[in-house]
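Asker: Structure for this input, please:
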Amino acid sequence: MATVTKKKLDAGNYQLKDQVVAINRVTKVVKGGKNMSFAALVVVGDPSAGVVGYGSGKAKEVPQAIRKGIESAKKNLIKVNLTQSSIPHIVTGRFGSGLVLLKPAPEGTGVIAGGAVRAVMTSAGVQNVLTKSIGSANPHNVIKATFAALNQLRDRKDVAAMRGKSVQEL
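Answerer: Model (predicted):
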């Protein structure tokens, strides 16, 4: 399979909205006692532009962890190939034991998805999609599997060019 090089998207060009997916309290046991900190998993996106990214941040307080997660997510933005309000074709993404299935849906269906996948889909601007999360329920793995699926989406022009046909022939 050919590797596709993605150019880095500038976060300043978009009106990004952030959504916190998970906050985890983490304790490290040291000689002097327990050190508590927080880990935040955040999804950012611009629904009108079809741009979405995720990131995680760790800090001693929750707001700082969320802020770090947002900064990390802005560095991992991807452009999602969409039709008018759905995705162009069925696709599956896998990360670890997390498997996410994304299916296009007709107008008026809405986003049928669980917590972590729903956050990614709404942030990306997908309005009608059917999803199924299989395997791991860990939000980190589910989000990474969802991004793996979104990276596999191709639009009609790219597929036609690869096959050497016109868009009407497909």
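Asker: number of nearby residues for residue 42?
Answerer: With neighbours defined by other CB atoms under 10 Å, the count for residue 42 comes to 28. Using the backbone N, CA and C atoms, a C-beta is placed for each residue, glycine as well.
Asker: From residue 43, how far out is the residue nearest to it when sequence neighbours are not counted?
Answerer: Nearest in space to residue 42, with sequence neighbours left out and distances taken as CB to CB, 6 or more residues apart in numbering, is residue 69 at 3.5 Å. Note on residue 69: its distance to residue 43, by CB to CB, to the nearest Å, is 9 Å.
Asker: Quick one: mean pLDDT for stretch 54-65?
Answerer: With pLDDT averaged residue by residue, stretch 54-65 scores 96.
Asker: roughly how far is it from the heart of the chain?
Answerer: 18 Å (CA atoms, centre = their mean, to the nearest Å).
Asker: Figure out the length between the terminal residues of it.
Answerer: Stretch 54-65 has an end-to-end distance of 14 Å (criterion: CA to CA, to the nearest Å).
Asker: now swap in stretch 40-59 and tell me
Answerer: Start-to-end span of stretch 40-59 (CA to CA) is 9 Å.
Asker: Flag every buried residue along it.
Answerer: Within stretch 40-59, the residues that count as buried by 16 or more other CB atoms under 10 Å are 40-47, 49-57, 59.
Asker: Just the ones of these in strands?
Answerer: 40-46, 51-57, 59 (DSSP state E).
Asker: So which of those residues is the closest to residue 114?
Answerer: Comparing these against residue 114 with CB to CB places residue 43 closest, at 13.5 Å.
Asker: Specify the beta-bridge partners of that closest one.
Answerer: Beta-bridge partners for residue 43, by DSSP bridges, are residue 19, residue 54.
Asker: so who does residue 91 touch?
Answerer: When the contact criterion is CB atoms under 8 Å, 6 or more residues apart in numbering, the partners of residue 91 are 101, 102, 149, 150, 152, 153.
Asker: again, only using 6 Å
Answerer: Contacts for residue 91 (CB atoms under 6 Å, 6 or more residues apart in numbering) come out as 102, 149, 152, 153.
Asker: For the residues you listed, which single residue is the most surrounded?
Answerer: Neighbour max across these (other CB under 10 Å) = residue 102, 26 neighbours.
Asker: so that one sits in a helix?
Answerer: No: read with DSSP: H, G, I helix; E, B strand; the rest coil, residue 102 is strand and lies in no helix.
Asker: Okay, and the beta partners of it?
Answerer: Beta-bridge partners recorded for residue 102 (DSSP bridges): residue 91, residue 131.
Asker: and it, how far is that from residue 132?
Answerer: Residue 102 sits 8 Å away from residue 132, going by CB to CB.
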